[in-house]
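[1] here are the coordinates; sequence isn't available:
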C-alpha cells in the first residue's frame with residue numbers, strides 16, 4: 001500500500017501528485033519542488049512522464065510529457081525510504097541523487 005497525495009512545490013505552490021511508499025514516511029518529512037525550482041543540493045531528482053486521472057474511465061492515463069520533480073528528505077526516516085518517496089509519474093526514475 002502507498003499514500004498518494006497532492007503536494008505543493010515549496011517555492012511556487014504548484015500541485016505535484018506524490019507517492020509515499022508503504023505509509024512509512026509522513027507528508028511533513030519531505031519537501032517537494034517542481035521542475036522550475038529544484039535546488040542544487042540535498043535533493044533527489046526524479047524524471048517520469050506526466051499522467052492524469054480520468055474520472056470517466058476510472059484510471060490513470062499517460063500524457064507523455066517528460067517531467068522532473070525534486071524531493072528533499074527532511075528526516076532520517078525519509079532518507080531511509082527515499083526510493084519509495086517519489087512523484088506519482090509513469091516510468092519514474094532517479095536522475096540525480098541527493099548530496100551531490
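    Received, thanks. What you see is a predicted model; the values in this text were computed from it and never measured.
[2] going forward, measure contacts and count neighbours with C-alpha atoms only.
    Fine.
[3] Kindly state the beta-bridge partners for the residue lying closest to residue 45 once chain neighbours are set aside.
    Distances taken as CA to CA, 6 or more residues apart in numbering put residue 70 closest to residue 45, at 4.5 Å, once the chain neighbours are dropped. With DSSP bridges as the criterion, residue 70 is bridged to residue 33, residue 45.
[4] Contacts only, for residue 70.
    32-35, 38-39, 43-46 (CA atoms under 8 Å, 6 or more residues apart in numbering).
[5] what's the answer for residue 21, then?
    Neighbouring residues of residue 21 by CA under 8 Å, 6+ apart: 1-3, 81, 84-85.
[6] residue furthest from the geometric center of this structure?
    In the chain, the residue that sits farthest from the middle, by CA atoms, centre = their mean, is residue 56; the gap is 25.2 Å.
[7] that's a strand at that residue, yeah?
    No - Residue 56: not assigned to a strand; according to DSSP: H, G, I helix; E, B strand; the rest coil it is coil.
[8] Residue 69 contacts residue 35, doesn't it?
    Yes - between residue 69 and residue 35 there is a contact under CA atoms under 8 Å: 5.3 Å.
[9] The two - which one has more neighbours?
    Shown here are residue 69 and residue 35; by other CA atoms under 10 Å, residue 69 has more neighbours (27 against 15).
[10] do you know how far the more buried one is from residue 10?
    Residue 69 sits 11 Å away from residue 10, taking CA to CA, to the nearest Å as the criterion.
[11] ok, which stretches of this structure are strands?
    Along the chain, counting by DSSP state E, strands occupy 2-8, 15-21, 30-33, 44-54, 59-73, 85-87, 90-96.
[12] Could you look over those and pick the most buried one?
    Of the strands of the chain, the one with the most neighbours on average (mean count of other CA atoms under 10 Å) is strand 85-87, at a mean of 28.
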